[in-house]
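>>> Predicted model and sequence follow; I will ask about them next.
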Amino acid sequence: MFPDRLKAAQTAVQQALDAALRDRADVPVVKAMRYTLQGGKRLRAFLVLESAALHGIAQPSALPAAAAVEALHAYSLVHDDLPCMDDDDLRRGQPTIHVKWDEATAVLAGDALQTLAFELCCDPSLGPADRRVALVAALAKASGAEGMVLGQALDIAAETTATPLSLDEITHLQAGKTGALISFAAEAGAILAGADRSALAAYATALGLAFQIADDILDVTGDAGKAGKKLRKDAYAGKATFVSLLGLDGARKRAHDLVEEAEAALSPYGNAADSLRQAARFVIARDM
C-alpha cells in the first residue's frame, strides 16, 4: 500500500512541478530549476497529500501545496550545497547546480524555487483565500528564521565551536533544519481543511526527528552510491551527531521509539492514517 501511494505521489508531484515551469523562459536559471526538481523521495509531498486525504480533500485540491513543499525543499538543497555552506558537488547522484552551472546560477535558481513555492501556495484550487493565506504563513514560518533557515544557521555555527553540541542542542538544531518543513507538510491537510492540527503536529515532530536520526545512521553505515551524495562528512569534520552522542545502537533505538510516538499520535484518525504510519516506518528503514 505505502510504496504504491508514495510512487503515485512522486508521479503526480513531478507532473505538477514540470507544469509549473513549462511556460517559463528557457534560460540557464530555469534550466537549473528543472534539473534540481527531478527525482527525490518526495516524502514531504506525500505527507501533504495524505494529510489532505485524512480531511476529505481530494488530490487535485492539495497537489499545488505538495508541489510547493518540494520546490521549497529543492531550494534549500541548492543553497546548502553551495561552497559557502556545505560545499557539496553531488546531489541525488548528479552534479550539484553550482558545479553543473556556476555559483550565481545556483543562488538565483534557489531563490526562484523558493518564490515558486509561495506562488504554488496561492493556487485557487487549494481553496478559499483565508486557507491559502494560512498555508503561506505556515510555510514561511517553517522555512525561515524560526525553522529551516535557523537550523541551517545553527549547523554552520556549530562547525566553529570548540565544544561539540549536546544532545538537546542537536535536537533543537535539527527540529529547525529538517523537522520544520516535515511538520509543515504533515499539517498542510489540516490547514487546508481549517481543522485541528495538534495530532498531526505531534506526529510530525516525532517523524522529523526520526528522519534526521536515520540520516545520521546512514551517514555512517550507508552506501554513497545509493545515497547519491558524499557520506561521513560529519565524522570527518568532527561534528556531533545523534550517532556520535548515542552510539549506533542507541541512535537506532531512539529512532524506533520516535516512530512509535509518531504512530501513536495518529490514534484520533484510526485506520485512515495507516499510510502515514507506514511512512514513519519507511523513514527509519530506508537505505538512502
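Great, that's in hand.
>>> Going along the chain, name the strands of the stretch 51-200 of the chain.
For the stretch 51-200 of the chain, the strands defined by DSSP state E, counting those that start in this stretch cover 90-91, 94-95.
>>> possible to save those as JSON lines with mean pLDDT and mean neighbour count?
Any C-beta I mention is one placed from the backbone N, CA and C, and that applies to glycine too. Output for the strands of the stretch 51-200 of the chain, formatted as JSON lines (pLDDT from 0 to 100; neighbours: other Cβ atoms under 10 Å):
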{"stretch": "strand 90-91", "mean pLDDT": "91", "mean neighbour count": "18"}
{"stretch": "strand 94-95", "mean pLDDT": "94", "mean neighbour count": "14"}
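>>> mind checking which of these is nearest Arg281?
Closest to Arg281 of the strands of the stretch 51-200 of the chain, according to Cβ to Cβ: strand 90-91, at 25.7 Å.
>>> count of residues packed around Phe118?
Neighbour count of Phe118, defined by other Cβ atoms under 10 Å: 16.
>>> Leaving out the residues flanking it, which one is nearest to it?
Val136 (5.9 Å; Cβ to Cβ, 6 or more residues apart in numbering).
>>> coming back round to it: between the strands of the stretch 51-200 of the chain, which one is closest to Ala153.
strand 90-91 (20.7 Å).
>>> Run me through the strand neighbours of that closest one, direction for each.
strand 94-95 (antiparallel) (DSSP bridges).
>>> that older thread, now the strands of the stretch 51-200 of the chain in CSV, with distance to Ala53?
Formatted as CSV, the strands of the stretch 51-200 of the chain follow (distance: least, Cβ to Cβ, whole Å):
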stretch, distance to Ala53
strand 90-91, 30
strand 94-95, 32
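>>> Out of those, which gets nearest to Arg286?
strand 90-91 (16.8 Å).
>>> How far off centre is the closest one?
16 Å (Cα atoms, centre = their mean, to the nearest Å).
>>> just how off-centre is the strand or helix carrying Lys7 within its chain?
Per DSSP states H and E: Lys7 is located in helix 2-21. Between the centre of helix 2-21 and the centre of its chain there are 15 Å (Cα atoms, centre = their mean).
>>> pLDDT averaged over that helix, what's the number?
Averaging pLDDT along helix 2-21 gives 96.
>>> how many neighbours does the residue nearest to Phe118 have?
Using other Cβ under 10 Å: Val136 sits among 18 other residues.
>>> Number of residues surrounding the residue lying closest to Leu135 once chain neighbours are set aside?
Sequence neighbours aside, Cys121 is the residue nearest to Leu135 in space, at 4.9 Å (criterion: Cβ to Cβ, 6+ apart). Residues lying near Cys121 (other Cβ under 10 Å) number 25.
>>> Same check on Ala279?
Ala279 has 23 neighbouring residues, counting by other Cβ under 10 Å.
>>> I am assuming it contacts Phe2, so please confirm or correct that.
Yes. If you go by Cβ atoms under 8 Å, Ala279 and Phe2 touch, sitting 6.5 Å apart.
>>> wait, is Arg252 part of a helix?
Yes. According to DSSP: H, G, I helix; E, B strand; the rest coil, Arg252 belongs to a helix.
>>> pLDDT at the residue nearest to it when sequence neighbours are not counted, what is it?
Setting aside the residues directly before and after it, Arg252 is nearest to Ile217 in space (Cβ to Cβ, 6+ apart), at 6.5 Å. At Ile217, the model reports a pLDDT of 93.
>>> so how far is Ile191 from Ile217?
Using Cβ to Cβ, to the nearest Å, Ile217 is found at 31 Å from Ile191.
>>> ditto for Lys41
22 Å.
>>> With neighbour numbers in mind, choose between these two.
Ile191 (26 against 17).
>>> who's in contact with the more buried one?
By Cβ atoms under 8 Å, 6 or more residues apart in numbering, the contact list for Ile191 reads Arg131, Ala134, Leu135, Ala138, Arg197.
>>> Give me the distance between it and Leu200.
On the measure of Cβ to Cβ, Ile191 and Leu200 end up 9 Å apart.
>>> By mean pLDDT, point me to the weakest helix or strand of this protein.
helix 224-227 (a mean of 61; mean pLDDT, DSSP states H and E).
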